[in-house]
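Visitor: mind looking at a prediction? Sequence and model below.
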There are 2 protein chains.
Amino acid sequence: MAAPSRPTKSELTRQRILDAAAKIFRSEGYSGARLSDIAAAAGIQTGSLYYHFESREALVEQVLHLGIAVARQHVEEAVGALPSDATALDRVKAAILAHTEVQLEISDYSSAHARIIGQVPADVRRRNLVDQINYGEYWDALLKAAVSAGQIRDDLDLYVARMLMFGALNWTSEWFRPRAGRSAQLVADQALAILLHGVEVARAEPIRVAPRRHVNGRRPPTKSERRG
Amino acid sequence: MAAPSRPTKSELTRQRILDAAAKIFRSEGYSGARLSDIAAAAGIQTGSLYYHFESREALVEQVLHLGIAVARQHVEEAVGALPSDATALDRVKAAILAHTEVQLEISDYSSAHARIIGQVPADVRRRNLVDQINYGEYWDALLKAAVSAGQIRDDLDLYVARMLMFGALNWTSEWFRPRAGRSAQLVADQALAILLHGVEVARAEPIRVAPRRHVNGRRPPTKSERRG
DNA sequence: GACGGAATCTAACAGCCCTTAGATGGACGC
DNA sequence: GCGTCCATCTAAGGGCTGTTAGATTCCGTC
């Protein structure tokens, strides 16, 4: 907990580098992002990066770490700011909206994380796993509480459900471009509506998952059948 | 419509290269996939690739093209195989299940597409756009029919809804690893259940989207507030 | 205003990987 | 059996990019 008195020059530059790296990694992918691009965006020469970071991997590792930290902080703030009589479901709603906001407009770090976590060297990814697990456990607690409160269905595999939700939300930064008639707020609202209630019209009877069985009983095509 | 008499040796090798490329692009990303890896997986030398493909870009372009073609074919087959009295919603369900299957187990091409389409050079992506638009229009037709039939809510932006669904489904190949107790079929079922009905427990009254408004009225933090 | 460390720049190296050209091998028809 | 075209291999080049070491500039302090 260092005193945030006045940021030293080195700290300022380091911050500019990180911001630039998050932006470049987000738009170019991991292997596609060149250190020369990052340095240029930060307003320094390529070699100067090595005064602040030991290597390219150390830089990306820090970006990934911040990507989760920013998302988690924003979500926790949104959840924590709810009135004390908020239900467990209210908390889940707030978390979904906050996570969507982070992906869409708040943070290059978080969208960079979603974008490149699957491309990064194995050891970098492994070291980032603890952050992911922590964040995942936070969400699991939110969801479990809502299940216990009878507000979220109890026939869901919460891990699978969470990953499906993250997929829908994290993917937004790949296709969403703000323009007239389709704001980030609209996307967040629709995401919340679909994840909570689905696309089907509401029905009166309780909803159960259909007994699992292959669509019309066909087997998936074999490898040799699907070329072309 | 060339007669598929006997595949020539060149065609066989070309197919092996494409299969290998799909697998490598899927697992390594676009920039991370080396031609030497692809060649090795196809059982040939790196230079020999150029007898079959003009360049690395031409190869990835073909993989992307097939990625959509395979998905579309599998989905259309599943939908087309439904009994003639199937409702518009039944068709949407079949499409969701089929799309999930493709991502999870059927095709390296389709998961490679989801994985690398955002990393590929701009002109390759632009040339792939027509395939994407065609496939998107197919889905739009399915969804619109279900909306007209009163089986899917009419308060959704169908483009946004479709992209959220694709996000949830396409992301599965990033995190799903089949193991005991969590089969691809389970994931597909859960995805279908969540996308159709959401995670919230069913309610008796018709569901409406809540009036849009910021969670607890806070504004998103500014850039200077979120460093750390 | 000179000293010294912090911060940045410059220039070059080294490795990787796409690409190419020419050589080599193999299958099939005559 | 021989020639011809198809398919593949081998080896080298050339560009790009991460990394490093030493030179240089900035800036607060005495």
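Guide: Looks like it came in fine.

Visitor: so, low pLDDT: which residues of chain A?
Guide: Scanning chain A for pLDDT under 70 picks out A:1-6, A:203-228.

Visitor: please identify which residue in it comes closest to DNA strand C.
Guide: A:Gly47 (2.4 Å; Cβ to the nearest atom of the strand). For the C-beta atoms, the positions are set from N, CA and C on the backbone; glycine is no exception.

Visitor: how far away is that residue from A:Ala39?
Guide: According to Cβ to Cβ, to the nearest Å, A:Gly47 and A:Ala39 sit 8 Å apart.

Visitor: up against DNA strand C, what does chain A have?
Guide: Contact residues (Cβ under 7 Å from any atom of the strand) of chain A with DNA strand C: A:8-10, A:13, A:44-48, A:51-52.

Visitor: now the two most distant members of those residues.
Guide: A:Thr8 and A:Thr46 (22.2 Å; Cβ to Cβ).

Visitor: more neighbours: which of these two?
Guide: The residue with more neighbours, out of A:Thr8 and A:Thr46, is A:Thr46; 13 against 9, by other Cβ atoms under 10 Å in any protein chain shown.

Visitor: ok, the more buried one - contacts?
Guide: Shown in contact with A:Thr46 (Cβ atoms under 8 Å, 6 or more residues apart in numbering or on different chains): A:35-36, A:39.

Visitor: over to A:Asn170?
Guide: A:103, A:111, A:114, B:167, B:171.

Visitor: what's the farthest-apart pair in these?
Guide: It's A:Ser111 and B:Trp171 that sit farthest apart of the contacts of A:Asn170, by Cβ to Cβ, at 13.7 Å.

Visitor: give me the neighbour count for A:Tyr51.
Guide: A:Tyr51: 11 neighbours (other Cβ under 10 Å).

Visitor: what about the nearest residue to it once chain neighbours are set aside, helix or strand, and which?
Guide: Spatial nearest neighbour of A:Tyr51, chain neighbours left out: A:Ser10 (7.9 Å); criterion: Cβ to Cβ, 6 or more residues apart in numbering or on different chains. Using DSSP states H and E, A:Ser10 sits in helix A:9-28.

Visitor: give me the helices and strands touching that helix, please.
Guide: Where contact means 3 or more Cβ pairs under 8 Å, 6 or more residues apart in numbering or on different chains; DSSP states H and E, helix A:9-28 is packed against helix A:35-42, helix A:49-52, helix A:56-80, helix A:108-116.

Visitor: do the last one and DNA strand D meet at all?
Guide: Going back to what we said before, that points to helix A:108-116. No. Judged by Cβ under 7 Å from any atom of the strand, helix A:108-116 stays clear of DNA strand D, getting no closer than 13.1 Å.

Visitor: which helices and strands does that helix pack with?
Guide: Using 3+ Cβ pairs under 8 Å, 6+ apart: helix A:108-116 touches helix A:9-28, helix A:56-80, helix A:158-175.

Visitor: which parts of the last one are buried?
Guide: It stands for helix A:158-175. Using 16 or more other Cβ atoms under 10 Å in any protein chain shown as the test for burial, helix A:158-175 gives A:158, A:160-174.

Visitor: what angle do that helix and helix A:108-116 make?
Guide: 110 degrees (axes from the mean of the first three to the mean of the last three Cα atoms, to 10 degrees).

Visitor: now do helix A:158-175 and helix A:56-80, the angle between them.
Guide: If you take the same axes, to 10 degrees, helix A:158-175 sits at 110 degrees to helix A:56-80.

Visitor: do I have it right that A:Leu59 meets A:Ala21?
Guide: Yes. Using Cβ atoms under 8 Å, A:Leu59 makes contact with A:Ala21 at a distance of 5.6 Å.

Visitor: anything in contact with each of these two?
Guide: By Cβ under 8 Å, 6+ apart, the residues touching both A:Leu59 and A:Ala21 are A:Ile38.

Visitor: which of the two has more neighbours?
Guide: Comparing A:Leu59 with A:Ala21 by neighbour count (other Cβ under 10 Å), the higher total belongs to A:Ala21, at 28 against 21.

Visitor: list the contacts for the more buried one?
Guide: Counting by Cβ under 8 Å, 6+ apart, A:Ala21 makes contact with A:33, A:38, A:42, A:59-60, A:63, A:112.

Visitor: which of those are buried, as a PyMOL select command?
Guide: Per 16+ other Cβ under 10 Å, the buried members of these correspond to this PyMOL selection:
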select buried, chain A and resi 33+38+42+59+60+63+112
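
Visitor: ok, so of the contacts of A:Ala21, who is nearest B:Asp140?
Guide: Using Cβ to Cβ, the contacts of A:Ala21 come closest to B:Asp140 at A:Ala112, 30.6 Å.

Visitor: next up, the contacts around the closest residue to that closest one other than its chain neighbours.
Guide: Closest residue to A:Ala112 apart from its sequence neighbours, by Cβ to Cβ, 6+ apart: A:Arg26 at 4.0 Å. By Cβ under 8 Å, 6+ apart, the contact list for A:Arg26 reads A:108, A:111-112, A:115-116, A:173.

Visitor: closest to chain B out of the residues you listed?
Guide: Chain B lies nearest to A:Arg115 out of the contacts of A:Arg26, by Cβ to the nearest Cβ, at 7.1 Å.

Visitor: quickly check: the lengthiest helix in chain A near DNA strand D or not.
Guide: Longest helix in chain A, counting residues (DSSP state H): helix A:122-148. No. Helix A:122-148 lies out of reach of DNA strand D by Cβ under 7 Å from any atom of the strand, never closer than 11.7 Å.

Visitor: among the helices and strands packed on helix A:108-116, which is nearest DNA strand D?
Guide: Closest to DNA strand D of the helices and strands packed on helix A:108-116 is helix A:56-80 (Cβ to the nearest atom of the strand; 3.4 Å).

Visitor: got the CA coordinates for stretch A:187-203 in PDB?
Guide: C-alpha atoms of stretch A:187-203 as PDB (Å, rounded to 0.1, in the frame of the first residue of the first chain):
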ATOM      1  CA  VAL A 187     -26.300  -4.100 -25.600                       C
ATOM      2  CA  ALA A 188     -26.000  -4.400 -21.800                       C
ATOM      3  CA  ASP A 189     -29.800  -4.300 -21.400                       C
ATOM      4  CA  GLN A 190     -30.300  -7.000 -24.000                       C
ATOM      5  CA  ALA A 191     -27.600  -9.100 -22.600                       C
ATOM      6  CA  LEU A 192     -29.100  -8.900 -19.100                       C
ATOM      7  CA  ALA A 193     -32.600  -9.700 -20.500                       C
ATOM      8  CA  ILE A 194     -31.400 -12.700 -22.500                       C
ATOM      9  CA  LEU A 195     -29.200 -14.200 -19.800                       C
ATOM     10  CA  LEU A 196     -31.900 -13.800 -17.200                       C
ATOM     11  CA  HIS A 197     -35.000 -14.700 -19.200                       C
ATOM     12  CA  GLY A 198     -33.800 -16.200 -22.500                       C
ATOM     13  CA  VAL A 199     -35.200 -15.400 -25.900                       C
ATOM     14  CA  GLU A 200     -38.300 -17.500 -25.700                       C
ATOM     15  CA  VAL A 201     -41.500 -15.900 -24.600                       C
ATOM     16  CA  ALA A 202     -42.400 -16.400 -21.000                       C
ATOM     17  CA  ARG A 203     -44.500 -19.400 -20.100                       C
END
